[in-house]
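A.B. asks: give me the fold of what follows.
(2 chains)
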Amino acid sequence: MKNLVIVESPAKAKTIEGFLGKDFTVKSSFGHIRDLPSKQLSVDVENNYAPDYVIPKDKENVVKELRKLSKSAETVWLASDEDREGEAISWHLQEALGLTAEKTKRIVFHEITKSAILNAVENPRSINVDLVNAQQARRVLDRLVGYELSPVLWKKVKPNLSAGRVQSVAVRLIVEREREIEDFNAVSSFRVLAYFTVNGTEFRAELSKRFDDLKEAKAFLEKCNGADFSVSDLQKKPAKRTPAAPFTTSTLQQEASRKLGFSVSRTMRVAQDLYEQGKITYMRTDSVNLSDLALNTAKEEIGKLYGEEYSKTRKYSSKSKGAQEAHEAIRPTYMSVQKVDGDAAQKRLYDLIWKRTIASQMADAELERTTVTVGVSTSDLNFTAQGEVIKFDGFLKVYLEGTDDENEEQKGMLPDLSVGQQLKATKIEGIERFSLPPARYTEASLVRKLEELGIGRPSTYAPTISTIIARNYVVKESREGVERKYGYLALVDGAISEEVKTEIAGAEKSKLFPTDIGKVVTDFLVENFGEILNYNFTAQVEKEFDEIAEGQKEWTSMIDSFYKPFHETTVDTEKNSKKATGERLLGVDPDSGRNVYARLGRFGPMVQIGEADNEEKPKFSSLRAGQSMDDVTLEEALDLFKLPREIGEFEGEKLVIGVGKYGPYVRHNKSFVSIGDEDPLSITKETAIELIKQKREEAHKMIINEFQDGEEVIQVKIGRYGPYIAKGRNNYRIPKDVEANSLSLEDCKEIIEKQGDRPKRVSKRAKK
DNA sequence: CAGTGAGCGAGCTTCCGCTTGACTT
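C.D. replies: This next block holds a predicted model:
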C-alpha cells in the first residue's frame, strides 16, 4: 500500500476514497483514539501536569488496524479536522501508531470536494505542536475542574453528583432563570383596540397609550362613544427582509425544535442518519460557510425553480465566539435533490435543511410597510395600525425562520385609505393584559444561550443536556397553566359592556425546570467556586488557549496558575464549609411540638420532624414528585407522615396505601399497583380494588400463549420491544423472522436453549 | 421495584470533546 489517509469519520472516509483513486486507502479513527482514563485523575499535578493518556477499550481494535495498515504504508496522511481537537487527534495518532516524521504528512480541508482534497494533498504540513498543546490545556483543565469539584459535591451535598466547566454553568442558567420567574410580579394594564371596516375589509388599530386600570380605560371608552374617527396620518415605507444564514448545529437544533418539535438529541440522531446516507454535509459544525460548489449549484437550482431574479449569492461568516470552523455549514450534499426517501423525520429535517440553504442564497424580500394613525375627535390620543404588503417575495417563497416570541403578531394587509378619511368604529375593546416573566429555557434555547456565551461545542450540546437531566439537576416538563381573571370592556352600538373573563396563564410545554438538587448544588458552587461558575469563565480560558495555540504561552504554566489557587479552594471548602442542604424551617409539628424542616438528604429532597442531635430520633419522609423544598407547606409536610396507611381488606389480604420510589401505590399481598393520579390520602377501598383488577387484566392481555413445562411455566408475551419469551425471572428474545403467535412449547424451549444460561436477573439491591 | 436519612467506614460515583454502533423486556 502506498498511501494511508486517516480521517475522523467513517462516512467521510468513504466519500474521500472515491476522490483519491486506488493509490490511497482511506480509514477512520472514529474521533479521538487516546484519552485520560476515567478511573483516576490521570494528571500528575506534582510533575508539571503530565497527562497519562491511554487507548480506551472501545478504540483498541481501531488502533490495532490502523497500526497494521500504517506499517505497510509508504506515507500516512493525517487528515483530521483543522481545529484544536482535530490537531490533537492527529498527534495522538502519530504517537499511538509510532509514526516517524518522515513518513507522516498532515493535511487539512474544509469541504469535502475533489478539488479541496487534491489541493490539501498538494500542500501537506507537519503537526502544529502549539495547537496540540492548546488542546492538552483544554483537556487537562476540564479534567482537573470536573474531578476535583465533583468529589466536593459528594461530601458536601450528595453522592453521585457531578460538576464541570460546561454542565454547571448550564444548570446555573436554568436555576437563575427560574428565580427570575419566581420573583416576577406581573403588572396589568388595559390595552385599547378599535375595529374599523372600510369597503368590507376590517382592520384593527391599537391606542398609543395603555391605561393603568379599568376605570381609566372605561372613561376613555365613554369618550369614544359618539366620537368621530378619521385618518390623521398615513405613512408608507419600503422595507426589506433578509434570509437567515445556513444552518450550524445550534441553529438547526433551534429550528427543528420550533418547527418540527424535535428534541435536541432527536435532531442530531436524524441528522446523523442523513449524513451517513450521504444526503447532507457534516452535522456537527459551528460554521455558516458554504463551499463554492454549493453556492454555484444553489444558484443554478434557484434559477431553474424560481427564476434568475430570485437568486442572490451570499457568503456568510461566523460571529459566534468559540467558532473553530473545521467544517462547512449543514447543507444538502446535492442542492438539486429537493426531497429524500426515508422515514418521516428524515424527510422533514432534510426539507428544513434544503429550504434554509436555498433561502440563504435568495434575494431579499421587498415589502411596503404602512402605518396609519386614526384620530379621535374627543381626545388627543390616537390609534395606530400597521400593515405589510409583500412587493417581491424573494426568499420568503421558500422559507421563513421561526421565532420563539409567542406574542409576535402577524401583520396583515390594510385596506386603501387616505388622509382625512372618516372611519366608523364597529367595536372598541379595552382588554386587561399582564406583563410576561422571562421565558423558561427549552433545550434549544439553552443551546443558543450556551453558544452565545461560547460554552460547549457542537458535539456536546445534546450530551450536556442529557447529563444535567441524568444528574437530576433539571427536568424537562410540561405544566398546566392556572386560570387567571382579566377585565374586558367593549363599546358596541353606543353601549359599553363590562365583563370579567378568564384565560389560562403560565402553561409550559417541554421546558427545563431546575430541581431542588440543581438549586442546592448551584448555590453551593456559586458561593464557593464563583470563578468557574462565572458566565465568562470559558471565554477567559479560551483566550488563554488561543495564546497557547499561537505559541505565546506555555500550556503547563497556564494550567499551573489556574490550578494552584483552585486546588487550595477545594481543600479549604472540603475542610471548612458546612453541608449544603438548602434547609428551610417549615414550622412546628402540633402533635410533638418539634420543628419541621424541608431539606436535601442523601436520597433527595425530604421533610424532617425534629433534629438529629435530639434524644428522640427525627422522622423523615421523601418529598413527592411535583413537590419542591422551596414551596412545600407545613401542612403538606405533615401529610407525608400519614403514609403508609391501611384502608381495608380484599380477598382476605390487607390493602396498604403508600408512596415509594415510583410514586403512590396500593400494596396487596406482596404485589404493588400504582394508583396514578389518585390522592393517596383520600383514595377509597373501592377505587384501589378496581385498580388492582385492572392491572391483573392488563397483565393477562400481555400473554400471547402459555405452556406448562413440568414444574415451570413458559409464557410468550408482548412487551415494549415486541414479543418475547418469559421463563421464571428470565426473558428471552424471539428471533426476528419468527412469528410469535405460532411458537410451540418445543420452539420456545429451543430458543431458550440457544440463548443459553444467561446470568440470572438480579435486582440491584440483591447485588449489593 | 415501593427503603433509606444518626454514626462507623470500605468502595463506588465524576469532566469535556471527538466519533459510531450495540442493545434494550
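
A.B. asks: just checking, A:Glu568 is part of a helix?
C.D. replies: Yes: judged by DSSP: H, G, I helix; E, B strand; the rest coil, A:Glu568 forms part of a helix.

A.B. asks: any idea how far it is from A:Glu574?
C.D. replies: Shown here: A:Glu568 relative to A:Glu574, a distance of 11 Å by C-beta to C-beta, to the nearest Å. Backbone N, C-alpha and C define where each C-beta goes, glycine included.

A.B. asks: so for those two, which sits in the more crowded spot?
C.D. replies: Neighbours were counted for A:Glu568 and for A:Glu574 using other C-beta atoms under 10 Å; A:Glu574 has more, 14 against 10.

A.B. asks: give me the buried positions along the helix or strand where A:Glu301 lies.
C.D. replies: Using DSSP states H and E, A:Glu301 maps to helix A:292-306. Buried positions in helix A:292-306, judged by neighbour count with 16 or more other C-beta atoms under 10 Å: A:Leu293, A:Ala294, A:Leu295, A:Thr297, A:Ala298, A:Lys299, A:Glu301, A:Ile302, A:Tyr306.

A.B. asks: do stretch A:40-59 as well
C.D. replies: For stretch A:40-59, burial by neighbour count (16+ other C-beta under 10 Å) applies to A:Leu41, A:Ser42, A:Val43, A:Val45, A:Tyr49, A:Tyr53, A:Ile55, A:Pro56, A:Lys59.

A.B. asks: intersect the residues you listed with the contacts of DNA strand B.
C.D. replies: The residues of these that also fall near DNA strand B, by C-beta under 7 Å from any atom of the strand, are A:Leu41.

A.B. asks: report the two of the buried residues of stretch A:40-59 separated the most.
C.D. replies: A:Val45 and A:Lys59 (25.9 Å; C-beta to C-beta).

A.B. asks: check contacts around the most far-flung residue of chain A relative to its centre.
C.D. replies: Seen from the C-alpha centroid of chain A, the residue lying at the greatest distance (C-alpha atoms, centre = their mean) is A:Gly226, 54.6 Å away. Contact analysis of A:Gly226 by C-beta atoms under 8 Å, 6 or more residues apart in numbering lists A:Thr378, A:Gly494.

A.B. asks: endpoints of stretch A:246-263, how far apart?
C.D. replies: Taking C-alpha to C-alpha, to the nearest Å, stretch A:246-263 runs 20 Å from one end to the other.

A.B. asks: rounded mean pLDDT for it, please.
C.D. replies: Stretch A:246-263 shows a mean pLDDT of 97.

A.B. asks: and it, which residues are buried?
C.D. replies: A:246-260, A:262-263.

A.B. asks: now do the same for the most centrally placed residue in chain A: its pLDDT.
C.D. replies: Most central in chain A under C-alpha atoms, centre = their mean is A:Glu443, positioned 2.5 Å from the mean C-alpha point. Predicted confidence (pLDDT) for A:Glu443: 98.

A.B. asks: from A:Leu234, how far out is the closest residue to A:Ser28 other than its chain neighbours?
C.D. replies: Closest residue in space to A:Ser28, ignoring its immediate chain neighbours: A:Pro10 at 4.1 Å, by C-beta to C-beta, 6 or more residues apart in numbering. Distance of A:Pro10 to A:Leu234, computed by C-beta to C-beta: 63 Å.

A.B. asks: with A:Asp572 instead?
C.D. replies: From A:Asp572 to A:Leu234 the distance is 70 Å (C-beta to C-beta).

A.B. asks: neighbour count winner among those two?
C.D. replies: Each of A:Asp572 and A:Leu234 has its neighbours counted (other C-beta under 10 Å); A:Leu234 has more, 15 against 11.

A.B. asks: what does that one show for phi and psi?
C.D. replies: Here is the backbone geometry of A:Leu234 (degrees, to the nearest 10): phi -140, psi 120.

A.B. asks: export the regular element (helix or strand) spanning A:Gln346 as PDB, just CAs?
C.D. replies: Assigned by DSSP H and E, A:Gln346 falls within helix A:344-360. Extracted C-alpha coordinates of helix A:344-360, given in PDB (Å, rounded to 0.1, in the frame of the first residue of the first chain):
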ATOM      1  CA  ALA A 344     -41.000  11.000   8.100                       C
ATOM      2  CA  ALA A 345     -38.400  12.600  10.500                       C
ATOM      3  CA  GLN A 346     -35.700  12.300   7.900                       C
ATOM      4  CA  LYS A 347     -37.800  13.800   5.200                       C
ATOM      5  CA  ARG A 348     -38.900  16.700   7.300                       C
ATOM      6  CA  LEU A 349     -35.400  17.500   8.600                       C
ATOM      7  CA  TYR A 350     -34.000  17.300   5.100                       C
ATOM      8  CA  ASP A 351     -36.700  19.500   3.800                       C
ATOM      9  CA  LEU A 352     -35.800  22.100   6.500                       C
ATOM     10  CA  ILE A 353     -32.100  22.000   5.600                       C
ATOM     11  CA  TRP A 354     -32.800  22.200   1.900                       C
ATOM     12  CA  LYS A 355     -35.100  25.200   2.300                       C
ATOM     13  CA  ARG A 356     -32.800  27.000   4.700                       C
ATOM     14  CA  THR A 357     -29.800  26.600   2.500                       C
ATOM     15  CA  ILE A 358     -31.700  27.600  -0.700                       C
ATOM     16  CA  ALA A 359     -33.300  30.600   1.000                       C
ATOM     17  CA  SER A 360     -29.900  31.700   2.200                       C
END
